[in-house]
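Engineer: Here is my input; please provide its structure:
(2 chains)
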Amino acid sequence: MQGRHRDAHVHAGDVHAPDAEMALVLAKENYTRRDPCVNLWVVRADQIHATTRPAAEMFVPATDKSYRFGGSYRQQRRVLQSSYKASYRDEDQ
Amino acid sequence: MPDARAAIADPAVRAAYREWLLRIADDELVIGHRHSEWTGFGPDIESDVAMSSIAQEELGHGRAWYEQIAADDGGDVDRLAFGRAPREYRHAALLEQENDGWEYSIVRLVLYEAFEVARLRLVAASGHEPAAGLAQTLSREERYHGLFADTWLTRLAGAPDGLERVQAALDRAWPDALGLFESTAADDVLRRAGVLPSSPGALRETWVDTVRPVLEQCGLAVPPSAGAREGGRRGVHTAAFEPLLVQLTEVWKSDPEARW
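Structural biologist: Numbering: from 1, shown residues only, chains lettered A, B, ... in the order given. As a prediction, the model looks like this:
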């Protein structure tokens, strides 16, 4: 689901449905009641290609890569999002 | 068209208008209660949540209309919603019938939502505030209710032996649905005063034009247009209503003076 225009879609959950149209109808009421939403995607679970569980090892660095972490970028995103949420609440009242 | 607000100064027109708003509020309260009976019993957890949510919204809409009526009366909203005798309720028979299977509830939802959208459009177009503004706002939620209903109807009618079951539910619901358009003296008063730019008959034509393609696309036969079950708009209800009202008002009646 997408919280507002130009946000990235984020995974919200799953629904059981016979087809995409019904999945969208059910997802709307099951996942967008508590948070703002402007757009929904649904995809069949069997159409998702995933890495295997044992492959988790390939994501673990063998040497110190902390210089790549870029914590300040994540921090900036958190600040932006929290100020957005505060303004959304203001509009709501 | 005469100015609705000026016309409302006339006590007879004012009473007729109150009667008309009460129909909307009572329809929403009673259908909201029936929908809520699906909570915990829906065919799947997702549809259970969705139907429960629709129930909450209809009850919320009912409350909003009762608030407008009570504000005019100078009375208490809860007393208006829960404190009347059965014959003082103005909803149509369609809304009080028991949930006779999921297909019946879905058919009823399809028929009622199409009506509700047409009626809210009429109220919004009347220009008479604050009802017109409220009608405009509430229409947003009704759109999803209709989408949920139509989507389910298509799936049910397309299932093996589904068409017969949905047709049977439709045949059962249809005379009650026609009762939504029952006309009383209040309708004549409002039309003469120019408060509402339409009549129940015209509203019914709009409604049939909306539901006919939805039903026919599913392979359903639209039942005959005669044989409406009327009475609800005059406070005459079927045997299904009193037990519903007892349950609906049980908590409030345990202590009418309590503040919640």
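
Engineer: got the CA coordinates for stretch B:140-148 in PDB?
Structural biologist: C-alpha atoms of stretch B:140-148 as PDB (Å, rounded to 0.1, in the frame of the first residue of the first chain):
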ATOM      1  CA  ARG B 140     -17.800   8.500  -0.200                       C
ATOM      2  CA  GLU B 141     -18.200   5.500   2.000                       C
ATOM      3  CA  GLU B 142     -21.200   4.100   0.200                       C
ATOM      4  CA  ARG B 143     -19.100   3.800  -2.900                       C
ATOM      5  CA  TYR B 144     -17.000   1.100  -1.300                       C
ATOM      6  CA  HIS B 145     -20.100  -0.700   0.100                       C
ATOM      7  CA  GLY B 146     -21.500  -1.000  -3.400                       C
ATOM      8  CA  LEU B 147     -18.100  -2.200  -4.800                       C
ATOM      9  CA  PHE B 148     -17.800  -4.900  -2.100                       C
END
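
Engineer: Need the contact partners of that stretch.
Structural biologist: By C-beta atoms under 8 Å, 6 or more residues apart in numbering or on different chains, the surrounding residues in contact with stretch B:140-148 are A:25, A:28-29, B:50-51, B:54, B:57-58, B:61, B:109-110, B:113-114, B:116-117, B:120. To be clear about C-beta, it is placed using only N, CA and C from the backbone, and glycine gets the same treatment.

Engineer: ok, so of those residues, who is nearest A:V10?
Structural biologist: For A:V10, the nearest member of these is A:K28. The distance, counting by C-beta to C-beta, is 15.6 Å.

Engineer: Name the nearest residue to B:R172, ignoring sequence neighbours.
Structural biologist: Distances taken as C-beta to C-beta, 6 or more residues apart in numbering or on different chains put B:Y104 closest to B:R172, at 6.7 Å, once the chain neighbours are dropped.

Engineer: about what we covered before: and the contacts of stretch B:140-148, which of them are in helices?
Structural biologist: Judged by DSSP state H, helices contain the following of those: A:25, A:28-29, B:50-51, B:54, B:57-58, B:61, B:109-110, B:113-114, B:116-117, B:120.

Engineer: Just give me the neighbour total for the residue nearest to B:H91 when sequence neighbours are not counted.
Structural biologist: Ranked by C-beta to C-beta, 6+ apart and with sequence neighbours excluded, the top spatial neighbour of B:H91 is B:D26, at 3.9 Å. By other C-beta atoms under 10 Å in any protein chain shown, 26 other residues sit near B:D26.

Engineer: do B:A168 as well
Structural biologist: Taking other C-beta under 10 Å as the criterion, the count of residues near B:A168 is 15.

Engineer: and if you look at the one 5 residues further on?
Structural biologist: Counted with other C-beta under 10 Å, the neighbours of B:A173 add up to 24.

Engineer: Against B:G42, how distant is B:L94?
Structural biologist: For B:L94, the distance to B:G42 under the criterion C-beta to C-beta, to the nearest Å works out to 21 Å.

Engineer: the more surrounded of these two?
Structural biologist: Of the pair B:L94 and B:G42, B:L94 is the one with more neighbours under other C-beta under 10 Å, namely 24 against 16.

Engineer: What's the nearest residue in the stretch 101-250 of chain B when you look at chain A?
Structural biologist: The nearest approach of the stretch 101-250 of chain B to chain A comes at B:T151, 4.8 Å away (C-beta to the nearest C-beta).

Engineer: so who does that residue touch?
Structural biologist: In this structure, B:T151 makes contact with A:21-22, A:25, judged by C-beta under 8 Å, 6+ apart.

Engineer: So which of the residues you listed wins on neighbours?
Structural biologist: Going through the contacts of B:T151 with other C-beta under 10 Å as the criterion, the one with the most neighbours is A:V25, at 24 neighbours.

Engineer: Neighbours of B:E46, how many?
Structural biologist: Residue neighbour count, defined by other C-beta under 10 Å, stands at 22 for B:E46.

Engineer: try B:G83
Structural biologist: Burial of B:G83 is recorded as 14 neighbouring residues (other C-beta under 10 Å).
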